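Asks: sequence plus predicted model, see below.
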Amino acid sequence: MPDAKHYLYRLRLVNPLKLAPGFSEAELATLQRHRDYLGRLTAAGTLVLAGRTAAEEATFGVVIFSAADVGSARTIMEADPAVAEGLMTAELFPFILTFHALNPETAL
């Protein structure tokens with residue numbers, strides 16, 4: 001996808017207090033579907049990076065990925081099981097990817 005643009009979506013738990021006591025079995029299943037989804041985006045060459053902050057009190061996650069346009073980006077974000085199943089909220093942002101660790105000499 002040579003003309004792809006990059007986007008970032010920020011993820012936040014609907015109930016941030018869930019980290020302390022833990023997740024229910026249903027929520028753990030949603031998290032696994034979320035990880036699987038990100039794995040499929042990686043295999044497809046769409047995902048640039050994904051992760052979350054280590055701060056338990058104010059944690060949030062980020063997913064940076066390629067998409068042809070904002071509509072496609074929104075579709076990718078909304079298809080994430082963590083978002084679709086209501087475990088997390090997501091905000092979409094256009095993202096300028098300046099350097100990439102796999103090719104640090106080339107600005108993307």
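Replies: Structure's in. What do you need?
Asks: all helices for the chain, in order.
Replies: Per DSSP state H, the chain carries helices over the ranges 25-43, 70-79, 81-84.
Asks: centre-most residue in this structure?
Replies: By Cα atoms, centre = their mean, the mean C-alpha position of the chain lies nearest to V63, the distance being 2.8 Å.
Asks: tell me the contacts of it?
Replies: Contacts for V63 were tallied using Cβ atoms under 8 Å, 6 or more residues apart in numbering; they are 8-9, 11, 38, 47, 49-50, 77, 80. Using the backbone N, CA and C atoms, a C-beta is placed for each residue, glycine as well.
Asks: now with 10 Å?
Replies: Going by Cβ atoms under 10 Å, 6 or more residues apart in numbering, V63 touches 7-11, 34, 37-38, 41, 46-52, 76-77, 80, 82-83, 90, 92.
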